[in-house]
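Enquirer: Test case, fold it:
(chains A, B and C)
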Amino acid sequence: MYDFAYHKPTTVADAVKILSADPEARPISGGQTLLPALKHRLNKPTAVVDLSGIAELKGIRREGDRLVIGALAKHGEVANSPEVKAAIPALAQMASTIGDTQVRNRGTIGGSVSNNDPAADYPAAVLGLDATVVTDKRRIAADDFFQGMFTTALEPGELLVAIEFPIPEKAGYAKMRNPASRYVMAGVFVARTKSGTRVVVNGAGPGVFRQAEMETALAANWSADAVAGVKQSPDGLNGDIHGSAEYRAHLVTVMAKRAVANAG
Amino acid sequence: MTVVTPFEGIGASVKRKEDLRFLSGRGRYTDDINRPGQAYAHILRSPHAHAAIRGIDLAAARAMPGVVAVFTGADMVGLGGLPCGWQIHNKDGSPMAEPPHPVLAQGKVRFVGDAVAVVIASTRAAARDAAEAIEVEYEVLPAVATMEAALAPGAPAVHDGVAGNLCYDWHIGDPAVNAAAFQGAHKVVEFELVNNRLVPNAMEPRAAIGDFDPTTGDYTLYTTSQNPHVIRLLMGAFVLQLPEHKLRVVAPDVGGGFGSKIFHYAEEAIVTWAAGKIARPVKWTADRSESFITDAHGRDHVTKARLALDAEGRFLALHVQTLANMGAYLSTFSTSVPTYLYATLLAGVYTTPTVYAEVKAVFTNTVPVDAYRGAGRPEATFLLERLVDVAAREMGMDRIEIRRRNFIPNDAFPYQTPVALQYDSGDYVATLEEALKVADWAGFEQRRQAAKAAGKLRGIGISTYLEACGIAPSAVVGALGARAGLYEVGTIRVHPTGSVTVLTGTHSHGQGHETTLAQLVTDRLGVPLAQVDIVHGDTAKIPFGMGTYGSRSLAVGGSAMVKAMDKIVAKARRIAAHLMEASVEDVEFDRGTFRVAGTDKTKSWGEICLTAYVPHNYPIEEIEPGLDETAFYDPKNFTYPGGCHICEIEIDPDTCQVAVVNFTAVDDVGRVINPMIVEGQVQGGVAQGIGQALLETAVYDENGQLLSASFMDYQMPRANDLPPVSVATHTTLCTHNPLGVKGCGEVGAIGSPPAVINAVVDALRDYDVRHIEMPATPAKIWGIIHAGQRLAAE
Amino acid sequence: MPQVTLTVNGASHTVEVEGRTLLVELLREKLRLTGTHVGCDTSQCGACVVHVNGDSVKSCTLLALQADGAEITTIEGLAKPDGTLHPMQEAFREYHALQCGFCTPGMVMSAIDLVQKHPQGLSEKEIREGLEGNLCRCTGYHNIVKAIAAAQDVMHGRRAELAPAAE
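Expert: The predicted model follows:
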């Protein structure tokens, strides 16, 4: 790791001030993605801004027909939260399978969503549930937020504060892990909400994306059989030493079936 | 008075003596050691698989904060290169190609990870910071990343002067006899397969600390080694030209080795030499990314084989042609692995009358390849046990029956194979029968049907195997090209009050020697286990030793201890005879008590030990005081553990993931000293075998970049990837060592991979699969199932 | 240089660190608590697991400064002052759940957290899944799983003493 200055502000405003003043400063919450990258000297921040002391970023609460999860909520907290389990069990279940116990004890939803790793779990739920990303400046719809591999609508210095999840009628998630890294190799999140039916694929492509054919099929007939017949095209999917794009495309259909089954 | 506790002797599952310190965080691994004034080394490594170094600018690095010194290959001119410990000869009798292996690159780099320069600084981070400031001008050269590329006509040369990138073209067996045996065979089964390249990944990354005392000229190297005396010999005599008495090598607690810590590595020489240069201790610790590209890799064979059978399925002849990847340089024992540790095993447990093997060793621009758990023997076993399954299928025979029909029968021992080895003992039917029973082979079809009803593809696979270990008779290996003796050394140091310190030349890095070897002493001398300490891993304490590999510690090192204990008992009996005024011939010794035969006259162990050191009433003219004996033991033969492994798997046809649902190992490891430790060794070996079969592989791209270069891409077995492993032993004794032991460290990794792949192929019986290469990943299996479905649809 | 104050195994320490200093570096190099190991640089092997405020955490993936004010327990802090082992340490010894010992401290710390968070008890499968974040190259995990299963009975008070390993 290159050396850097360390800041620990206690308000969002202070954090944003530091981050805006220094474009080479990086925010850190759980650090489960950032620190491994820094250890490999893949980037060289001048400063890291530790968000963990900011009370405004914390908390999980039900607000009417929405579930609001603060950016600093750890995966383990989401997995075990009675509010999340009651409102969106699929989200709690997803959180319980991110990384390993130690990662879940540190990693946060805000960090994961801001980073938008194509092989991460949470972006699939955010997009699948048509959630709203709340930053220090504005509210961003999930459809606008994720912009491809490691890219989001966040501007430099802009901080993710919370995510508002509409509570769905049904939701389910299934994934196949990359056998080595245990990140997502192919995952599918399905949800039926007031605004419609969504099917989101993660892990298999260069970023999370909605699977339109499956959404149509599932909107007409909410059953595993409905998606079983929909083939995902391998075009544009990832291929690597762990599996070809064709294999990942196959897994998308398998995971879609399982996600619907998990949703009940 | 010592109390004999039979439960601590041979055959007892006593708890390990070493555990308390490991469980309390008080282990002392190399990186845990800090020397006063210590500086830290960071090694700048080549990012290219093949390049000429046109220039190195060190000025900026030298000016960085905390930097003590920066060295390159130019500073080490005149010192030796890393030696290869085994010279192989070509078919025509000429010696193998043995290009130099410089410690720091001399003008060229030959694999990604090759050491180019070393920065020594006051902190680890400062050293790494400064290494980034070194400017190296590389002229990138075309690389050969695979054996196929290396052997292609006109391929770039890894080493100038090594024609065709061929290290050697070796053979064993009689080609004429072999060719004749194929004539008129009922059936010839032809088969090709790959033994996948593995990264050993002991959990402790390698580390080394060099220390130098300018007032005495003494050097000390602390290193993560399986054999400190071998490192002292190789580094002292061949690389740094330091005499043994000025060089101490300490291998403290070592966090796993699996072969990868046998070899003499460049970093050991670098820190030792640099400590002398700067007169400060120098520490280097690999991070895991560095381990992936510098620890010697394992396996990496491509093989073609032909097996001739008669109409009854009896093996008539086997012809094997293997390409073995050496990587960019010859690591210490690399050359012996695909020859004397591999091809000599190709008779297996079968009576095949003629075996002819041809092995070409090939240089490529990849990390050097050397011994990894089993070393050559897993490769031979995988070939044989896959080939036997394929032959059974193509002959329309049962997989068990074809094995039974070809087993070496129990009354054939000692059995001379056509490939040099003479097996001393074994009972292949017994281990087979027991494994079939434990695994409920007979009930499998029912389980397959149940799995099918649940939508799963279930398969079962078997392997019946043996290995040669307990390495090795010095005269034999010397005649075959080894540049070392392979005896072992044991000192039994009995203290005045009767407790015992054992000095052994073997090294424990997880095997539990501090317990198992102590049990030998308890069993023989009657000294309680708590009063026996095993000391290993320090050339300043141990007379000599060849270290631990090839499942040799008990068979060779334990036998040396037995010899030393023979001397102790002989001397102690003479002292007892004097005290009891009896003749030596009449003094009996049994676990702590000396008795004049047929009388109730006794002396305790403690009395004799005290007398030896307080020789007031003592035959001082005839016997020296003291009770401290050393023995060197050179084995008469290899030992031949073997057995039967059965694996049962289920494939999820949707994801194509393989789940190992049952694994049974019934092994003959000779006499068992500590059953708990033997089971642990087999379980661990099986885990590595399942890892090779289903999960692990080192993948290079065509430019020689390692793609599976971290745990993010190299799949290490996790708890949830593995089944519970059922382990049993069935003992036949080794006939030529005093303990009757054979060795248990490698059997798990040798017997298991073919059992797993045989099970996977069995599960895919409806898809017309002849073979599936390791690792049998979900993506590969999907390819097979998907192709089958597509075919069926057409 | 910035300072960090934390409590390690009951003792308070104030230590100067760099911004980039990892918790594991502080433990090993500043406090000389070398029982916590480093086995990888991708946050996967778990040899460095310690407890931070009661949760198992990979100390190679936490800045020392992030642990300011925290209560840390390492493998050195598990046994009682009189040397009595924690039931998990005892179980690892009884069930031969360690060989080279390198992964052991992290494995034990993860196992304790796993058992503590599951007072209802863990099945064999759940134990295997719960060890996702720890690699062992020696044992094949077989005996680690057995040791954890046995230790949980003692830790949850369902047995007064550890069930002995079968001979």
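Enquirer: B:Gly485 - nearest residue in space that isn't next to it in sequence?
Expert: B:Ser474 (3.9 Å; Cβ to Cβ, 6 or more residues apart in numbering or on different chains). (Glycine included, C-beta is placed from N, CA and C.)
Enquirer: Return the distance of stretch B:286-305 from the chain's centre.
Expert: With Cα atoms, centre = their mean, to the nearest Å as the basis, stretch B:286-305 stands 13 Å off its chain's centre.
Enquirer: That stretch near chain C at all?
Expert: Yes: judged by Cβ under 8 Å from any Cβ of the partner chain, stretch B:286-305 comes into contact with chain C at B:287-289.
Enquirer: which of the residues in that stretch are buried?
Expert: B:286-303, B:305 (16 or more other Cβ atoms under 10 Å in any protein chain shown).
Enquirer: Out of the residues you listed, list just those in strands.
Expert: B:301-303, B:305 (DSSP state E).
Enquirer: Any chance of these in TSV with pLDDT and distance to chain A as columns?
Expert: What follows is those, written out as TSV (pLDDT from 0 to 100; distance: Cβ to the nearest Cβ, whole Å):
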residue	pLDDT	distance to chain A
B:His301	98	20
B:Val302	98	19
B:Thr303	98	23
B:Ala305	98	27
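Enquirer: B:Asn34 - that's part of a strand, no?
Expert: No: the assignment for B:Asn34, made by DSSP: H, G, I helix; E, B strand; the rest coil, is coil rather than a strand.
Enquirer: Count residues in the vicinity of it, would you?
Expert: B:Asn34 is flanked by 14 other residues according to other Cβ atoms under 10 Å in any protein chain shown.
Enquirer: Next up, the contacts around it.
Expert: B:Asn34 makes contact with B:283, C:32, according to Cβ atoms under 8 Å, 6 or more residues apart in numbering or on different chains.
Enquirer: For C:Thr74, see how far away the residue of chain C found nearest chain B is.
Expert: Proximity of chain C to chain B (Cβ to the nearest Cβ) peaks at C:Gly35, 1.9 Å away. Remark: distance between C:Gly35 and C:Thr74 (Cβ to Cβ, to the nearest Å) = 6 Å.
Enquirer: Mind checking what secondary structure the residue in the stretch 151-300 of chain B that chain C sits nearest to has?
Expert: Ranked by Cβ to the nearest Cβ, the top residue of the stretch 151-300 of chain B for proximity to chain C is B:Gly255, at 2.9 Å. Recorded secondary structure, B:Gly255: coil (three-state DSSP).
Enquirer: didn't it look like it was pressed against B:Asn201?
Expert: No: the criterion here is Cβ atoms under 8 Å, and B:Gly255 misses it with B:Asn201 at 11.0 Å.
Enquirer: And the two? Which one has more around it.
Expert: B:Gly255 (30 against 25).
Enquirer: buried stuff in stretch B:595-615?
Expert: Buried residues in stretch B:595-615 (16+ other Cβ under 10 Å): B:595-596, B:601, B:603-612.
Enquirer: Next one, pLDDT for the residue in the stretch 651-794 of chain B positioned nearest to chain C please.
Expert: As assessed by Cβ to the nearest Cβ, chain C sits closest to B:Ala687 within the stretch 651-794 of chain B, at 3.1 Å. What the model reports as pLDDT for B:Ala687 is 98.
Enquirer: Please tell me I have it right and it contacts C:Ile144.
Expert: No: here B:Ala687 does not reach C:Ile144: they are 11.0 Å apart, not a contact under Cβ under 8 Å.
Enquirer: residues from the stretch 1-150 of chain A in reach of chain C?
Expert: Residues of the stretch 1-150 of chain A lying near chain C (Cβ under 8 Å from any Cβ): A:1-6, A:8, A:28, A:31-32, A:35-36, A:38-40, A:47-48, A:50, A:52, A:76, A:99-103, A:105-106.
Enquirer: can you tell me how far the residue of the stretch 151-300 of chain B closest to chain C sits from B:Thr224?
Expert: From B:Gly255 to B:Thr224 the distance is 7 Å (Cβ to Cβ).
Enquirer: do B:Asp92 as well
Expert: B:Asp92 is 40 Å from B:Thr224, by Cβ to Cβ.
Enquirer: Between the two, which has more neighbouring residues?
Expert: B:Thr224 (28 against 6).
Enquirer: Looking at the more buried one now. What's its pLDDT?
Expert: 98.
Enquirer: List the residues that contact it.
Expert: By Cβ under 8 Å, 6+ apart, the neighbours of B:Thr224 are B:29-30, B:204-208, B:251, B:254-255, B:257, B:261.
Enquirer: quick revisit: so who does the residue of chain C closest to chain B touch?
Expert: B:24-27, C:74-76, C:105.
Enquirer: right, and out of the residues you listed, which lies closest to B:Ile10?
Expert: B:Gly27 (27.1 Å; Cβ to Cβ).
Enquirer: Chain A contacts on chain C?
Expert: C:2, C:18-20, C:22, C:41-44, C:46, C:49, C:52, C:55-58, C:60-63, C:65-66, C:68, C:110, C:113-114, C:130, C:132-134.
Enquirer: Any figure for the gap between B:Asp523 and chain C?
Expert: Separation of B:Asp523 from chain C (Cβ to the nearest Cβ, to the nearest Å): 17 Å.
Enquirer: what's the nearest residue to that residue if we skip its chain neighbours?
Expert: B:Gly9 (3.5 Å).
Enquirer: Count the residues that sit near the one you found.
Expert: Per other Cβ under 10 Å, the neighbour tally for B:Gly9 reads 19.
Enquirer: wait, it sits on B:Thr522?
Expert: Yes: judged on Cβ under 8 Å, B:Gly9 makes contact with B:Thr522 at a distance of 5.2 Å.
Enquirer: Name the residues contacting each of C:Gly35 and C:Thr74.
Expert: What both C:Gly35 and C:Thr74 touch, as defined by Cβ under 8 Å, 6+ apart, is the set B:25, C:105.
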